[in-house]
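Undergrad: I'll drop the sequence and a predicted model, then ask my questions.
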Amino acid sequence: MIRIRGHVGEWPVDLSIDMDDQDWAQLARQLPLSANVQAAQAPAEAGTDALWLGAQQLLREAGRMEGPQLLAELEALSGSALAGKRLLVRLRHSAQVKVQSGADAPIYNWVT
């Protein structure tokens, strides 16, 4: 949820916007590169990190994905190799992801 409070001229504003995982992922795809990189580098706050939600949605929809392919998708999502690697590490350590050893590369599986 996003909450916006302030004033427009003399009018008070208190606006709440509810967003689901798809909304956050769509927003992440539309952010400029610098905002995407900053969001990936900052710790998640109350589950509102748009890139993190987008990364989770990507793997959840795929079900399973080999590491190199997942990294390429995360780099495309975030707009940066560094941000993509950070998202991959977060997925590796997520309770919702199981990583198996594959023949040539690790395989990431969405488990919940």
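TA: Cool, the structure landed.

Undergrad: For this structure, which segments are assigned as strands?
TA: Taking DSSP state E as the criterion, the chain carries its strands at 2-8, 11-17, 64-66, 97-101, 106-110.

Undergrad: shouldn't residue 71 be in contact with residue 91?
TA: No - contact criterion CB atoms under 8 Å: residue 71 and residue 91 do not qualify, at 9.9 Å. C-betas here are computed from N, CA, C, even on glycine.

Undergrad: Residue 26: how many residues sit nearby?
TA: Neighbours of residue 26 under the rule other CB atoms under 10 Å: 13.

Undergrad: mind checking pLDDT for it?
TA: Looking at residue 26, its pLDDT is 78.

Undergrad: likewise residue 33?
TA: 51.

Undergrad: And for the one 4 residues further on?
TA: According to the per-residue confidence, residue 37 scores 50 in pLDDT.

Undergrad: Kindly report the same for the one 10 residues further on.
TA: If you check residue 47, the pLDDT there is 40.

Undergrad: got the strands of the chain as JSON lines, with mean pLDDT, mean neighbour count and distance to residue 78 columns?
TA: Below are the strands of the chain laid out as JSON lines (pLDDT from 0 to 100; neighbours: other CB atoms under 10 Å; distance: least, CB to CB, whole Å):
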{"stretch": "strand 2-8", "mean pLDDT": "83", "mean neighbour count": "9", "distance to residue 78": "20"}
{"stretch": "strand 11-17", "mean pLDDT": "87", "mean neighbour count": "9", "distance to residue 78": "23"}
{"stretch": "strand 64-66", "mean pLDDT": "95", "mean neighbour count": "17", "distance to residue 78": "16"}
{"stretch": "strand 97-101", "mean pLDDT": "94", "mean neighbour count": "13", "distance to residue 78": "17"}
{"stretch": "strand 106-110", "mean pLDDT": "95", "mean neighbour count": "18", "distance to residue 78": "16"}
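
Undergrad: With distance to residue 84 as added columns, please give those strands in a markdown table.
TA: Shown next, in a markdown table, are these (distance: least, CB to CB, whole Å):
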| stretch | distance to residue 84 |
| --- | --- |
| strand 2-8 | 25 |
| strand 11-17 | 27 |
| strand 64-66 | 13 |
| strand 97-101 | 15 |
| strand 106-110 | 13 |
